[in-house]
Structure formats: C-alpha cells, structure tokens
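> Provided below for reference: sequence and predicted model.
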Amino acid sequence: MNGLKRLGAACACVVASLAAMPAHAVNWDFATANAPGNYQTKLDEKFAAAVAAATQNDVQISVHAGGQLGFKGPEMLGVIRDGLVPIGSFQFAQQVGVSPVLGASSVPYLVSGFDEMKTFRIVSKPYYDAEFKKFNQKLLFTIPWPGQNIFSKAELANADTFRSMKIRTTDRNGSDFFRSLGASPAQIPWGEVVPALSTGVINSVSTSTSSAVDGQFWDFQKFCNVVNWQSNFEGVTVNLDAWNKLSPKDQKAIEEVAAKLEPEFWEAAREEDTRNFTMLKAKGMAIYTPPADVRNAMAAKGKASWTAFEQAVPAARPLLDQYLKAAGK
C-alpha cells in the first residue's frame, strides 16, 4: 500500500509539472557556425535565456554552436529561409552569393571600426529589414565582429609581402581585395582553417582577434598585422513562418529583448577585442602596425572597390550614398 501511495504521489508530481508548462510552448533550434566558446555564441545563449524569461517559457531556444546541426555559415540565409531551422546567426558578408547587398559593410575600408559600424547599422536598418523579408525572415539584432586583421608568419613590412601570402578570406569581397594586392586568397570555412594552417595549404589568415584566439593562432603565426581593413556584422534572424505562429504578446516580448540587448552586445564586442589583443600578446604574438605606405596602398585599393561594388550591385547604391554622407567619407 505504501508503494502504491508513493507511485500515486510521483504521478501527481509529473502531472503538476506538465500542468505548469505552457500548453503552447515553442521550442526553437538555433543554428550557428561559431565555436561553442566564442563570445558571439555566449551572447546568443544570453539572448535565448532572456527570451525564455520574457515569454515565461512560451518560447524556448536551444543554441547549437560549431555547426552542430550540419549547416555552414555561408548557407545560413537559405537554411533559415527554407525553415530547416527556425532561427540562427551568420555573418552578412558570407551571404553575398545569394544576397549581394549584404556584402556592403565588408567592402574594404568602407566601414572601419566600431563607430563607423554603428553609423552603418543605423543607416542600413530599413534596407536590410526589406532585404531579409525577401528571404522569408526577420532580423532581430546584430552583433559586430572586431575588425579584420592579417595573421601571418612574417610582418607586413612592405607591399611585396602580399605576393608570398596564401591567405584565408571569409567572403568574395575579401578574396577580390587581396588578389588585387598580389596575394593568393582562398575562401575557407572556419572549421577548416586550423587544419589548412597546419598543413601549409594557407600561410596567413584575415580574420578578427576573436577567431584568432579561438583558433590559437599563436601555435602557427607570429604576427598580428593590425590593418582593420574590413568590418563584419553577425545577424540573428528568424524564419517568418515560425515568427508568425507566435502570439503577438510573445512577438512583442522578443522584440523588446532584442532591442534591449543589442547595445549591450555591441559593448561586449568592444571589450572582447581589447581582451583578445591582450591574450594574443601574452601568448607571444607580435602586435604589429604596418608602415604608412602599406596601409595607404591597402586603403587605395579598398576605395577603388567601392565604385566596383556599386556597379556590380546597383541596389546597394542608395544605401552606400546615405552611409557615406552620414559617415562623412
């Protein structure tokens, strides 16, 4: 009889727990190619926790980092459009194969540093909101990546150094840029970068300090050449079909969470960059600023690409004109 009572009590607890769960709870898998320990992933997890709290667990999001769900970064715009996952994050610049206008911020030296990124974010919002709608998704918020620098075995002492570089790039804009400087670029997914370095497929990498720390580049490279030639945005978007199934109350709660956290996430990115430079130096990497003639040569090639980008992507021209005016360039 005591056993039956215990069984009955256990069943009552299960029923009570089920009754406490929202009857219409939504569970979303969140896909990202970023490493589990990366600051972007940690911020995504913070967002997921805030959404659960704000919706009283009506919407629960599980973040799957490091491409655990089988999707690579450049695929994510299509993956979310097609509903293969309801929500995820990706670099805008990696989507230029299907949405060229999303590559605007990564045009060399067009947007340089966090302050200019903020200006671009404000100006581009209506343009990018409309662009994501074409791909059946809604942009919830952005997180900046620290500027792109060049990690190599030798310092970038002169422009001829580029000719010896087999350099990893993240997107077509970067590949075209480094090719114009005389380097041999290769677009390689993040998961393949460290093996490519260890086997000599590449001997240099263009990336942020965050990725350099994630990849422990001090095991392969000696120099961080600070050139800050490109700025990249990470965006979190949600499939519109999944979004439209939510109640208006939950939609509003998620929008409020996104609006509140985005400024905090931007500040976290600044702090991340500072910490990363300290870490790289502590691990023995030389933080090197190339001479003015090298930086001027890079900037000149970069500026020449602005016109080329406008000609290749006419839809981006109003955005670029408005941004250049706002940035005073």
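Perfect, I can see it now.
> so S62, which of the three states?
Under DSSP: H, G, I helix; E, B strand; the rest coil, the three-state class of S62 is strand.
> Would you quantify the distance from the closest residue to it other than its chain neighbours to V63?
Distance criterion C-beta to C-beta, 6 or more residues apart in numbering; nearest residue to S62, sequence neighbours excluded, is D29 at 5.5 Å. Using the backbone N, CA and C atoms, a C-beta is placed for each residue, glycine as well. D29 sits 9 Å away from V63, going by C-beta to C-beta, to the nearest Å.
> between these two, which one's more packed in?
V63 (24 against 15; other C-beta atoms under 10 Å).
> just to revisit the earlier point, quickly find the element holding the residue nearest to S62.
D29 belongs to strand 26-31 when assigned by DSSP states H and E.
> Tell me the buried residues in that strand?
Residues of strand 26-31 classed as buried by neighbour count (16 or more other C-beta atoms under 10 Å): 26, 28, 30-31.
> Output the contacting helices and strands for that strand.
Under the contact criterion of 3 or more C-beta pairs under 8 Å, 6 or more residues apart in numbering; DSSP states H and E, strand 26-31 touches strand 59-64, helix 76-81, strand 87-91.
> Can you add distance to K260 and mean pLDDT and give those back as CSV?
Putting the helices and strands packed on strand 26-31 into CSV (distance: least, C-beta to C-beta, whole Å; pLDDT from 0 to 100) gives the following:
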stretch, distance to K260, mean pLDDT
strand 59-64, 16, 98
helix 76-81, 23, 98
strand 87-91, 18, 97
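> which of these sits most buried?
Stretch with highest mean neighbour count among the helices and strands packed on strand 26-31: strand 87-91 (a mean of 27; mean count of other C-beta atoms under 10 Å).
> ok, now which ones touch the residue lying closest to V101 once chain neighbours are set aside?
Spatial nearest neighbour of V101, excluding adjacent residues (C-beta to C-beta, 6+ apart): A316 at 4.7 Å. Contact analysis of A316 by C-beta atoms under 8 Å, 6 or more residues apart in numbering lists 100-101, 104, 309-310.
> Also A258?
Counting by C-beta under 8 Å, 6+ apart, A258 has contacts 47, 140-141, 236.
> Quick check: which element contains it?
In this assignment (DSSP H and E), A258 forms part of helix 248-282.
> And for K118?
In this structure, K118 sits in helix 114-134 according to DSSP H and E.
> next one: V238
strand 233-239.
> Now do the residue most central in space within the chain against A48, distance only.
Centroid-nearest residue in the chain: E234, 2.8 Å away (criterion: C-alpha atoms, centre = their mean). E234 is 15 Å from A48, where distance means C-beta to C-beta.
> How about A300?
Applying C-beta to C-beta, the value for A300 to A48 is 44 Å.
> do the same with P146
23 Å.
> So which of these two has more stuff around it?
A count of neighbours by other C-beta under 10 Å puts P146 above the other of P146 and A48, at 24 against 19.
> in what helix or strand does that one lie?
Secondary structure from DSSP H and E places P146 outside every helix and strand.
> so it touches V213, yeah?
No. With contact defined as C-beta atoms under 8 Å, P146 does not reach V213; the gap is 10.2 Å.
> Common neighbours of the two, please.
Residues touching both P146 and V213 (C-beta under 8 Å, 6+ apart) are N276.
> domain parsing for the protein?
If you go by automatic domain parsing, the domain ranges for the chain are 25-145+232-280, 149-230+284-327.
> so how far does the last one reach from one end to the other?
Domain 149-230+284-327 stretches 22 Å from its first residue to its last (C-alpha to C-alpha, to the nearest Å).
> gap between that domain and the chain center?
Mean-position distance between domain 149-230+284-327 and its chain equals 16 Å (C-alpha atoms, centre = their mean, to the nearest Å).
> what mean pLDDT would you report for it?
Per-residue pLDDT values over domain 149-230+284-327 give a mean of 94.
> Report the contact partners of P108.
Residues counted as contacts of P108 (C-beta under 8 Å, 6+ apart) are 173-174, 177, 229-230, 298, 301-303, 305.
> Could you check what's spatially nearest to it, not counting adjacent residues?
G302 (3.2 Å).
> cool, R121 as well?
The shortest distance from R121 to any non-neighbouring residue, by C-beta to C-beta, 6+ apart, is to T142 (6.0 Å).
> Name the residues linked to that neighbour by a beta bridge.
Beta-bridge pairing for T142 (DSSP bridges): G235.
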